[in-house]
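Colleague: Need a 3D model of the sequence below.
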Amino acid sequence: MASRDTAPLWVFGYGSLVWRPAFPHRRREAGYVVGWKRRFWQGSTDHRGVPGAPGRVVTLLRAPGERVAGMAYEVEPAARERVLANLDHREQGGYARHEATVYRTPNDAVAERALIYVATPDNANYLGPAPVDAIARQVVASRGPSGPNDEYVLALDDALRDLGADDDHVRELAAHVRALRR
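Modeller: Here you go, the predicted model:
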């Protein structure tokens, strides 16, 4: 059995990593994690918003019996430490490393131990729940160094549809954002 440091590094993306991983990888596979739900409850003051006017990005919340679709990436071994450093920087606004099994189907794992970044309510950028129309208005009004916040929401919605994944929260928010942009 491979040691933890020599085992392949898998990263599971459920937000912008679904469509824009921006790191070298050997392969990618669609999959899902179990026991979580995705919500636009994390503030972004470094990518899709700015201090004093945060955007909203996704995080995961524990939710027994639920599952979150996304993309799993096997990192190039030679790039492991660089990828981890870059991801730690990219996810510095309140995210912490966790591990989860990523599944293709209920009896077939893509990766037994994949790295995921999760923002919890105890971080300074956590915004928490709000009515979907209020989240949509905040998203449409927000822009940061990585671009407009509505672009993030719509790109995630499109990427999930391309995967054949259904996420009620993302779909509903994207519909509100599209309506506000008209």
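
Colleague: Around the residue nearest to residue 66 when sequence neighbours are not counted, how many other residues sit close by?
Modeller: Counting by CB to CB, 6 or more residues apart in numbering, the nearest residue to residue 66 once its immediate chain neighbours are dropped is residue 37, at 4.7 Å. C-beta: built from backbone N, CA, C; applies to glycine. Applying the criterion other CB atoms under 10 Å, we find 17 residues in the vicinity of residue 37.

Colleague: ok now do residue 37, which residues does it touch?
Modeller: Under the criterion of CB atoms under 8 Å, 6 or more residues apart in numbering, the contact partners of residue 37 comprise 60, 61, 63, 66, 68, 169.

Colleague: quick one: the helices in this protein?
Modeller: Using DSSP state H, the helices found in the chain span residues 80-90, 132-141, 149-163, 168-181.

Colleague: The third one: how far from the chain's middle?
Modeller: Right, the one you point to is helix 149-163. Taking CA atoms, centre = their mean, to the nearest Å, the mean C-alpha location of helix 149-163 is offset from the chain mean by 11 Å.

Colleague: Which other helices and strands does it contact?
Modeller: Identification of packing neighbours for helix 149-163 by 3 or more CB pairs under 8 Å, 6 or more residues apart in numbering; DSSP states H and E yields strand 25-44, strand 55-75, helix 132-141, helix 168-181.

Colleague: could I get the ones you listed as TSV with mean pLDDT and distance to residue 103?
Modeller: Written out in TSV, the entries for those read as follows (pLDDT from 0 to 100; distance: least, CB to CB, whole Å):
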stretch	mean pLDDT	distance to residue 103
strand 25-44	97	6
strand 55-75	97	8
helix 132-141	98	28
helix 168-181	97	19
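
Colleague: Just confirm residue 57 contacts residue 47, I think it does.
Modeller: Yes. Contact between residue 57 and residue 47 holds when scored by CB atoms under 8 Å: they sit 7.1 Å apart.

Colleague: And the two? Which one has more around it.
Modeller: Comparing residue 57 with residue 47 by other CB under 10 Å, the one with more neighbours is residue 57, at 30 against 20.

Colleague: how about the nearest residue to that one once chain neighbours are set aside, what does it touch?
Modeller: Spatial nearest neighbour of residue 57, chain neighbours left out: residue 44 (4.6 Å); criterion: CB to CB, 6+ apart. When the contact criterion is CB under 8 Å, 6+ apart, the partners of residue 44 are 54, 55, 56, 57, 93, 125, 142, 144, 149.

Colleague: What is the nearest of these to residue 177?
Modeller: For the contacts of residue 44, the residue nearest residue 177 by CB to CB is residue 149; the value is 8.8 Å.

Colleague: pretty sure that closest one is touching residue 139, no?
Modeller: Yes. Residue 149 is within contact range of residue 139, at 4.6 Å (criterion: CB under 8 Å).
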